[in-house]
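K.L.:
build me a model from this:
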Amino acid sequence: MNVRHAGAAALVSMFVLVTSVGAARAMRTDTPTARDLPVSSVSCPQQQPSNSPEGTTVALPGGAYRASLFPTPLALTLPGGGWWGGQWKTGSTGCRIGEYGIGRKPFYGWVALRRGADPEQHRGSILIMTSYAVTPSVAGVISLLLSNDRGVSYRPPVPVKAAGLSGRALEGGVDALHHQFFAFTKPGAAAGAHADGVDLPRGALFRILVLDAHGKTVVVYLSSGSLPAARFPTFLTSADRVLAAARFPRG
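P.N.:
Numbers count the residues shown, from 1 in each chain. The predicted model follows:
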């Protein structure tokens, strides 16, 4: 046995091990941390016939994001530029925060991702929301959405998987001048300005995902914005890519 060679080999092995551990630590250190989404201001365009919140969005470069204001942990990864986004919280005053403050319970958390900066002329949007309080089940939210069907056409709900979660999906279009969706409160029964309301105008196409995030029901509204109907499927493909990379870690 060549002791000198064996000792040299051991030193080389130790050097490789130490170098590998150091490199792994450096890789972990150099990995960019998720940026918090910008906190949105809340606006109500004059032509909007109700008080549902519309977030003012900020241009977002591609990369990893989190939403610290959201009621349950949320991690997002944008594959590239071209998205505008923001996060915000509403209470009983809905989008009238500037006039009256956030108001009282119920409180809701929101995340918006849009193709285009203008909330009225965006080229497709992803709007994620849920309540800070205990939420109804996926089946309960689907039932409530379907019960408020005046001026909107729904296809039958179907099973869906998104963001690592399971749930149900509704697709359809708005036939009336506008339609306001309520995921958690009944129309006419909510306090204040229906803080969970989401407005879509006539001609809008939508896909609504109702997901079970470890016991918290999360609602994702995908809408066409100013896109013509023929281009909405293309937007859905890009939205599906974002949602496939999204995660709702256990809190």
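
K.L.:
when you work out contacts or count neighbours from here on, use the C-alpha atoms and nothing else.
P.N.:
Noted.

K.L.:
and Leu60, what are its bridge partners?
P.N.:
Per DSSP bridges, the residues bridged to Leu60 are Trp83.

K.L.:
what does the pLDDT read for Val134?
P.N.:
Here the pLDDT value assigned to Val134 is 94.

K.L.:
show me the domain layout of this structure.
P.N.:
Annotated domains of the chain cover 1-31, 35-245 [automatic domain parsing].

K.L.:
want to try TSV for those domains, with distance to Gly251 as columns?
P.N.:
Below are the domains of the chain laid out as TSV (distance: least, Cα to Cα, whole Å):
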stretch	distance to Gly251
domain 1-31	22
domain 35-245	6
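
K.L.:
worst average pLDDT in these?
P.N.:
domain 1-31 (a mean of 40).

K.L.:
can you give me the strands for the stretch 101-250 of the chain?
P.N.:
Remark: strands assigned in the stretch 101-250 of the chain by DSSP state E, counting those that start in this stretch are 108-114, 125-131, 152-154, 158-162, 165-174, 178-182, 197-201, 205-213, 216-223.

K.L.:
buried residues in the shortest one, which are they?
P.N.:
Yep, that's strand 152-154 we're talking about. Val152 (16 or more other Cα atoms under 10 Å).

K.L.:
can you list contacts of that strand?
P.N.:
For strand 152-154, contacts defined as Cα atoms under 8 Å, 6 or more residues apart in numbering pick out 146, 170-176, 179.

K.L.:
tell me the one among those residues nearest to Phe107.
P.N.:
His179 (21.8 Å; Cα to Cα).

K.L.:
picking up where we left off before, looking at the strands of the stretch 101-250 of the chain, which is nearest to Arg250?
P.N.:
Taking those one by one with Cα to Cα, strand 205-213 is closest: 8.2 Å.

K.L.:
which neighbours does the closest one have in its sheet, and in what orientation?
P.N.:
Sheet pairing for strand 205-213, using DSSP bridges, gives strand 165-174 (antiparallel), strand 216-223 (antiparallel).

K.L.:
so which of these comes closest to Asp36?
P.N.:
strand 216-223 (19.3 Å).

K.L.:
can you tell me what sits against the closest one?
P.N.:
By Cα under 8 Å, 6+ apart, strand 216-223 touches 72, 124-130, 134-138, 183, 204-212, 236, 239.

K.L.:
could you rerun that using 6 Å?
P.N.:
124-130, 135, 205-211 (Cα atoms under 6 Å, 6 or more residues apart in numbering).
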